[in-house]
Each structure stands twice: as C-alpha cells, then as structure tokens.
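Asks: Okay, here's the prediction I keep looking at, along with the sequence it came from:
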Amino acid sequence: MRTSIGTRFTGLVTGALLAAGALFATATPAQAYDPDPSVSTYYRATSDCPCSGGSLTDPFDGTYFAHDAGGTAVKMELNDAGWFVGKVEFHPSGEKLWIYDTKNDGDTFYVAVGYSSGGSYHDLGTFSAPGTSETVDLTVKNLSIPDGAYVDITVYDGAGRADYIAAARGTGGAVA
C-alpha cells in the first residue's frame, strides 16, 4: 500500500510540474524588438530657436525646442515595421530628457545619458518610460548638466544597457 501511495504522489508531482512547464512555455513574455527599430535623429542648434514643425512634427505631440544660446537639441524617433514606437528628446533649455513609449506592445527601450565636462565623463543613469496601459507613456527627467557640456544619449532595447539600438554622442550630438 505504501508503494501505491508513493507512486501516486510521485505521479501527481510529476504531472503538476509538467503542467506548470507547459503553462510557462505558452506564456508570452515581453519580446525585444527583432530587428531593432529604425531610428531617425534630428539636431537643432537652439541658438536659432524657438523651433518646431518640419522634421520635428510627429503623430503624438510634435516637438518644440526653446531658445538656449549655444545649445544643441536632439530628437530621436524609433520606428518598427512602419509603426512609430517611441521618441527621445533632449532639450538644452532646462537640461530635460523626454522619453516617449508610443506603442503598447509589451516592450520598451532604455535611454542611457551622460555628459563630458571639465575633462571628465559623468554617467547620469539609464531611464525608460513607465510602461502603463496608456496610449503614450512619458518620462521627463530634469538633468543637471553644465552649459556647453557634450551630452551622450544612447538607446538600448534591453535593460542593463544591452542590445544597442542607436546613439547621439559627443561633438555633433547634443550640447547642454
């Protein structure tokens, strides 16, 4: 009789493990973009701003850069299979980073920011949109960057700065 109970118990445990494995195998985790989204990058010398329209126009809120003498703004648009999936903007006026996730697809992207000033590099961290069920998820970060610093903006598909997508870096990139 003990063998029978032991065999039944082992069978129940094995069945439960197989059912759990099948459940996890059919669950659909958030997928990384594959291939990565295409990125269009636009720069504006903010000494010539305020500016908007043209290549700064998009289907969500457009982009407006304020006047900031000596600054360079950047807008990066991410598109996947013809779908506008997000954008990243750096506004030198106020040193603000805007991150938009514009498609509820179970995926997000990550934006690493740093700057060079005074002969050293300063890593400000990695940021992303919050990932809610809203049509547009938005994160705005107020960064403390000295005027004239070269700002590096790097977009990744994976957390932990994995799976590089695109960047706006160094000279010719954003300037606070």
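Replies: That came through, no problem.

Asks: Looks like residue 152 contacts residue 113 (just checking).
Replies: Yes - if you go by Cβ atoms under 8 Å, residue 152 and residue 113 touch, sitting 6.9 Å apart. Every C-beta, even on glycine, is put in place using the N, C-alpha and C of the backbone.

Asks: where along the chain do the strands fall?
Replies: 38-45, 72-80, 83-91, 96-101, 110-117, 120-127, 137-142, 150-158, 162-168, 174-175 (DSSP state E).

Asks: What mean pLDDT does the shortest one get?
Replies: Predicted confidence along strand 174-175 averages 84 (mean pLDDT).

Asks: other SSEs contacting that strand?
Replies: Packing partners of strand 174-175 (3 or more Cβ pairs under 8 Å, 6 or more residues apart in numbering; DSSP states H and E): strand 72-80, strand 150-158.

Asks: The last one packs against which elements?
Replies: Contacts of strand 150-158 with other secondary structure elements, assessed using 3+ Cβ pairs under 8 Å, 6+ apart, are made with strand 72-80, strand 83-91, strand 110-117, strand 162-168, strand 174-175.

Asks: Take those and write them to a markdown table, including mean neighbour count.
Replies: Below are the helices and strands packed on strand 150-158 laid out as a markdown table (neighbours: other Cβ atoms under 10 Å):
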| stretch | mean neighbour count |
| --- | --- |
| strand 72-80 | 21 |
| strand 83-91 | 22 |
| strand 110-117 | 20 |
| strand 162-168 | 17 |
| strand 174-175 | 26 |
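
Asks: Would you convert those into TSV that also reports distance to residue 140?
Replies: Shown next, in TSV, are the helices and strands packed on strand 150-158 (distance: least, Cβ to Cβ, whole Å):
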stretch	distance to residue 140
strand 72-80	14
strand 83-91	9
strand 110-117	12
strand 162-168	18
strand 174-175	16
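
Asks: Much appreciated, bye for now.
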